[in-house]
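Student: Sequence and computational prediction follow.
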Amino acid sequence: MRRLLMVLCLVLLLPATAATAATGRDPLTHFFNETFGNFSEELEQAREQGKKGVLVFYEMDECPFCHFMKQNVLNQPVVQDYYREQFLNLIVDIEGDIEITDFSGQTTTQKDFAKVARVRATPVIAFYDLDGKEVFRHTGRTSGIDEFMLMGKFVADGMYRNQKFTVYKREHLKK
């Protein structure tokens, strides 16, 4: 009887454990860095902290692909830990009227910052070097965690200087 009760408890707890693993951690608190909206100051902090660059995740509220990324990729602890170590991670609402200071120190809004960056569809995952220059961009959702992690390694290792991501991805997916 005791054994049956123990097995029953385990069976009842298993779905809760699986659901927790599937949902991961909140990307707003565990993936994205807190920002005061001064990207030029935050760029300086990224340099001081030895980051490889800045990731800007351009999104908008009603974007299903943005939601996919947040619910299936950006919420995963392995992704959060790696990206927090390598990059300063910022989020920009392409329809947002919140005032920010861009990488060059100019005051603008999130919406206008996105326009200058020529963001028309979402999500756009843009990587900037420590001088605020865009070095790699991916438009749309990734196929999943593996592709997103590969993008981070592509930029962090500086491979964007020597080859296109499609070639890099093909080489690494063979392994």
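Tutor: Okay, I see it. Numbering: from 1, shown residues only.

Student: low-scoring stretches of the chain, by residue?
Tutor: Within the chain, the segments meeting pLDDT under 70 span 1-22, 175.

Student: show me where it has helices.
Tutor: Ranges of helices within the chain are 2-23, 27-30, 39-48, 64-72, 77-86, 110-116, 145-156, 165-173, based on DSSP state H.

Student: Would you mind telling me which of those is nearest residue 97?
Tutor: Among those, helix 110-116 comes nearest to residue 97, with 6.2 Å by Cβ to Cβ. Heads up, the C-betas are built off the backbone N, CA and C, glycines and all.

Student: Report the distance from that closest one to the chain centre.
Tutor: 18 Å (Cα atoms, centre = their mean, to the nearest Å).

Student: Against which helices or strands is it packed?
Tutor: On a contact count with 3 or more Cβ pairs under 8 Å, 6 or more residues apart in numbering; DSSP states H and E, helix 110-116 meets strand 87-93.

Student: What number of residues are in the vicinity of the spatially closest residue to residue 40 that is not a sequence neighbour?
Tutor: Spatial nearest neighbour of residue 40, excluding adjacent residues (Cβ to Cβ, 6 or more residues apart in numbering): residue 105 at 4.5 Å. Neighbour count for residue 105, taken as other Cβ atoms under 10 Å: 12.
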